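> Below is the structure, and that's it, no one-letter string:
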């Protein structure tokens, strides 16, 4: 057998190994994230629903969807465990408090940087130059 004949098979096997390794890594990270759930954690389900964890079981999680409304979900249905600031921002619309440096940046962002420039107006010299290059006289 020739090396040129074997090379495509080696490449295919290499790509397959990389893909399975990547998939296993993502699965391991998702499992670790789900194991970090504790009662009181804010979460987002794979369907995009936000809730608070009330109870964590082996394969399921009891979620509080609204005050007094509870539902059991499979652990695999949890897409993300959110920190408290992110959960409050999304669910309650509470923006996190900024430190002094960040507050300064926000204040400066409201001020216009430069005067706006009107690009539709041109001076007469520029119009004359354009007319000379076109070969027409617009005077």
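Noted; the coordinates are in hand. The shown structure was predicted, so the numbers you read here are calculated from the model rather than taken from an experiment.

> Residue ranges in the protein under the pLDDT threshold?
1, 98-139 (pLDDT under 70).

> those helices in it, which residues are they?
Counting by DSSP state H, the chain has helices at residues 3-35, 84-87, 100-109, 124-134.

> Report all helices and strands that the second one contacts.
Taking 3 or more Cβ pairs under 8 Å, 6 or more residues apart in numbering; DSSP states H and E as contact, the helices and strands that helix 84-87 lies on are strand 42-45. C-beta: built from backbone N, CA, C; applies to glycine.

> residues near residue 53, how many?
Residue 53 has 19 neighbouring residues, counting by other Cβ atoms under 10 Å.

> need the contact list for it.
37-43, 61-64 (Cβ atoms under 8 Å, 6 or more residues apart in numbering).

> again, 6 Å this time
The contact partners of residue 53, by Cβ atoms under 6 Å, 6 or more residues apart in numbering, come to 37, 39, 41, 43, 61.

> Which residues are in contact with the closest residue to residue 80 other than its chain neighbours?
Spatial nearest neighbour of residue 80, excluding adjacent residues (Cβ to Cβ, 6 or more residues apart in numbering): residue 44 at 4.7 Å. Residue 44 makes contact with 50, 79-80 under the criterion Cβ under 6 Å, 6+ apart.
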